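Visitor: Predicted structure and sequence below. I'll ask about it afterward.
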Amino acid sequence: MSPLKLSVIITSQDWATPHLEEIDATALHGLYVADHPSFPVTESWTWLAYAAARTRRIRLGTHVTGAPFYHPTRLAKQVASVDALSNGRAVLGIGTAYEVQDFMPYGFPMAGFRDRVEYLEESLVIIKQLFTGRIDGFRGRFHTYEGEADFAPVPVNGSVPIWIGLNKAGLALQVAARHADAINTWQLSPDQVREIAGPLAEAVEKAGRTAGDVAITCDVVMARGADTKGAEDLAHRIRDMARGWGRKDSVTDWGVGGVLHGDGDAMLEQLQRFADAGCSEVTVSASSIEDVRWVDENVARRLA
């Protein structure tokens with residue numbers, strides 16, 4: 001098994017912009033941004049293109065882009081452009097979107113979950129075709145492409161890793177089994193990750209692929225220096241906030257297991273539990289450059 005990778009996710013790019021070169025010099029594997037129309041921040045893929053020019057090593061992507069907010073051609077163009085500008089470091093995290101405030105207030109009708117899953121899958125089929133450099137027509141439920149057309153730029157390495165965000169073994173997992181390189185969970189404990197790993201392996205094999213074709217990546221929040229109660233309280237505050245945004249109880253069953261807490265030694269032990277559960281990359285929330293510096297010095301460099 002490959003060593004566990006450690007990355008960071010940010011929900012606001014403003015504080016990170018002056019520190020991109022410093023973040024690139026850390027032992028962290030990836031720098032990912034949240035992608036929500038309602039967040040008062042720079043547009044995610046535009047900012048990632050800027051970050052590509054300011055960095056040389058770190059992976060760059062979203063956790064996760066909501067497919068319903070993008071036409072697949074426009075999204076493919078944005079992602080492939082970041083990949084070209086970064087010399088092959090882009091990651092497309094993508095999902096069905098869930099936050100009510102991201103939809104109607106910004107002009108996006110919020111379809112039911114099954115329809116959003118179908119939109120996601122259709123978008124991925126189109127995006128993967130475009131990434132080959134050519135599309136020869138497509139007729140689906142949501143999009144129609146007529147005639148032949150070239151597409152550029154194409155991904156540097158032939159494709160861009162596609163990670164599908166999900167927190168339960170349901171419809172989105174079936175799409176991931178057919179089309180994704182990884183799934184990306186949010187704030188689940190190692191035991192909850194294990195509950196998804198089995199159904200994922202079965203679905204991947206049913207789709208004619210091997211279980212290792214779809215990795216598991218895990219987003220967690222961080223509470224530096226917090227004890228168990230402090231970490232649990234943080235998890236429950238975020239749980240209640242997410243439910244207020246429109247996420248269902250079944251995908252927000254969050255507790256202390258999804259919070260890295262304590263000192264560096266404690267976090268290394270917690271990360272080992274994620275690795276044992278099958279997670280190949282853990283992404284830690286960071287709210288400041290001080291968070292990044294601390295997790296780099298106390299965790300990432302020791303993990304590497």
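Guide: In hand now; what should we look at?
Visitor: how close does V214 sit to H236?
Guide: 30 Å (CB to CB, to the nearest Å). C-beta here means a position set from N, CA and C on the backbone, and glycine is covered the same way.
Visitor: Go ahead and confirm R247 touches T96.
Guide: No: in this structure, R247 is not within contact of T96 by CB atoms under 8 Å, at 11.2 Å.
Visitor: Between those two, which is the more surrounded one?
Guide: T96 (24 against 17; other CB atoms under 10 Å).
Visitor: Skipping its backbone neighbours, what lies nearest the more buried one in space?
Guide: Closest residue to T96 apart from its sequence neighbours, by CB to CB, 6 or more residues apart in numbering: R116 at 3.9 Å.
Visitor: hmm, who's touching the lowest-mean-pLDDT helix or strand in the chain?
Guide: Across the helices and strands of the chain, mean pLDDT, DSSP states H and E gives its lowest value to helix 228-245, namely a mean of 93. Helix 228-245 has contacts (CB atoms under 8 Å, 6 or more residues apart in numbering) with 98-101, 187, 221, 223, 226, 249, 252-256, 258-259, 261.
Visitor: buried sites along it?
Guide: A231, E232, L234, A235, I238, R239, A242 (16 or more other CB atoms under 10 Å).
Visitor: distance of G93 from Y145?
Guide: From G93 over to Y145 (counting by CB to CB), the distance is 24 Å.
Visitor: With V251 instead?
Guide: V251 is 33 Å from Y145, by CB to CB.
Visitor: can you check P199 too?
Guide: According to CB to CB, P199 stands 33 Å off from Y145.
Visitor: follow-up on the earlier one: which helix or strand contains the residue nearest to T96?
Guide: Take DSSP states H and E as the rule and R116 turns out to sit in helix 113-130.
Visitor: Please list the residues outside the helix or strand that that helix is followed by that contact it.
Guide: Using DSSP H and E, the helix or strand that follows helix 113-130 in sequence is strand 134-139. Around strand 134-139, the neighbours that count as contacts under CB under 8 Å, 6+ apart are V125, I126, Q129, T144, Y145, E146, G147, E148, A149, D150, F151.
Visitor: Can you mark which positions in strand 134-139 are buried?
Guide: I135.
Visitor: Next: stretch 37-51.
Guide: Here stretch 37-51 shows P37, F39, V41, S44, W45, W47, L48, A49, A51 as buried, counting by 16+ other CB under 10 Å.
Visitor: before we move on, what about stretch 78-90?
Guide: Q78, V79, A80, S81, V82, D83, A84, L85, S86, R89, A90.
Visitor: Same check on stretch 262-277?
Guide: G262, G264, A266, M267, L268, Q270, L271, F274, A275, A277.
Visitor: how about the strands in the stretch 51-200 of the chain?
Guide: Ranges of strands in the stretch 51-200 of the chain, per DSSP state E, counting those that start in this stretch, are 59-66, 90-95, 134-139, 144-150, 162-165, 182-186.
Visitor: Take those and lay them out in JSON lines including distance to G112 and mean pLDDT.
Guide: Formatted as JSON lines, the strands of the stretch 51-200 of the chain follow (distance: least, CB to CB, whole Å; pLDDT from 0 to 100):
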{"stretch": "strand 59-66", "distance to G112": "15", "mean pLDDT": "98"}
{"stretch": "strand 90-95", "distance to G112": "15", "mean pLDDT": "98"}
{"stretch": "strand 134-139", "distance to G112": "23", "mean pLDDT": "96"}
{"stretch": "strand 144-150", "distance to G112": "22", "mean pLDDT": "97"}
{"stretch": "strand 162-165", "distance to G112": "18", "mean pLDDT": "98"}
{"stretch": "strand 182-186", "distance to G112": "21", "mean pLDDT": "97"}
